[in-house]
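Asker: sequence plus the predicted model coming up.
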Amino acid sequence: MSDKKNIFERFGDSQVWKSIIRSGVPRTRRQRMMSVLNSVFLHLHPVRLPRHAVKLKFTWCMGGLTFFLFLVLTISGILLMFYYRPTVEYAYTDM
């Protein structure tokens, strides 16, 4: 049992752990703000969102729209890969 405890203590004191968890448990509002600002993951994914921020008219379905445009780009790229001939005499007619 002491071997497991020793492993966890060594991992808790390692540089990897300190790079993932930069500070302890935030107790005040300022410590919470600093932990969010110092962490890229927490900075990109906020803890609280206002109620209006998740409404459809605010977001405009940007994730779905981006995925749809990615599919259009992929399908058109695959079609061009099969039908486009990059030579001088056929390039204009293939488009």
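Answerer: Looks like it came in fine. Numbering: from 1, shown residues only.
Asker: show me this protein divided up by domain.
Answerer: Here the domain assignment for the chain is 1-48, 49-95, based on automatic domain parsing.
Asker: R27 and M34, how far apart?
Answerer: 12 Å (CB to CB, to the nearest Å). In this view, the C-beta of every residue, glycine as well, is placed from N, C-alpha and C.
Asker: okay, the two: which has more neighbours?
Answerer: M34 (14 against 8; other CB atoms under 10 Å).
Asker: one step back: looking at the domains of the chain, which has the lowest confidence?
Answerer: Among those, domain 1-48 carries the lowest mean pLDDT, a mean of 76.
Asker: quick check: longest helix of this protein.
Answerer: Taking DSSP state H as the criterion, the chain has its longest helix at helix 62-83.
Asker: what lies in contact with it?
Answerer: Helix 62-83 has contacts (CB atoms under 8 Å, 6 or more residues apart in numbering) with D94.
Asker: return that helix as PDB; C-alpha atoms alone will do.
Answerer: What follows is helix 62-83, C-alpha atoms only, in PDB (Å, rounded to 0.1, in the frame of the first residue of the first chain):
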ATOM      1  CA  MET A  62     -22.200  27.900 -36.300                       C
ATOM      2  CA  GLY A  63     -21.100  24.300 -35.500                       C
ATOM      3  CA  GLY A  64     -23.600  22.700 -37.800                       C
ATOM      4  CA  LEU A  65     -23.000  25.300 -40.500                       C
ATOM      5  CA  THR A  66     -19.200  24.800 -40.300                       C
ATOM      6  CA  PHE A  67     -19.700  21.000 -40.600                       C
ATOM      7  CA  PHE A  68     -22.000  21.400 -43.600                       C
ATOM      8  CA  LEU A  69     -19.500  23.600 -45.400                       C
ATOM      9  CA  PHE A  70     -16.700  21.100 -44.600                       C
ATOM     10  CA  LEU A  71     -18.800  18.400 -46.200                       C
ATOM     11  CA  VAL A  72     -19.400  20.500 -49.300                       C
ATOM     12  CA  LEU A  73     -15.700  21.300 -49.600                       C
ATOM     13  CA  THR A  74     -14.800  17.600 -49.100                       C
ATOM     14  CA  ILE A  75     -17.300  16.300 -51.700                       C
ATOM     15  CA  SER A  76     -16.300  19.000 -54.300                       C
ATOM     16  CA  GLY A  77     -12.700  18.200 -53.700                       C
ATOM     17  CA  ILE A  78     -13.300  14.500 -54.300                       C
ATOM     18  CA  LEU A  79     -15.200  15.200 -57.500                       C
ATOM     19  CA  LEU A  80     -12.500  17.500 -58.800                       C
ATOM     20  CA  MET A  81      -9.900  14.800 -57.900                       C
ATOM     21  CA  PHE A  82     -11.600  12.400 -60.300                       C
ATOM     22  CA  TYR A  83     -12.700  14.800 -63.200                       C
END
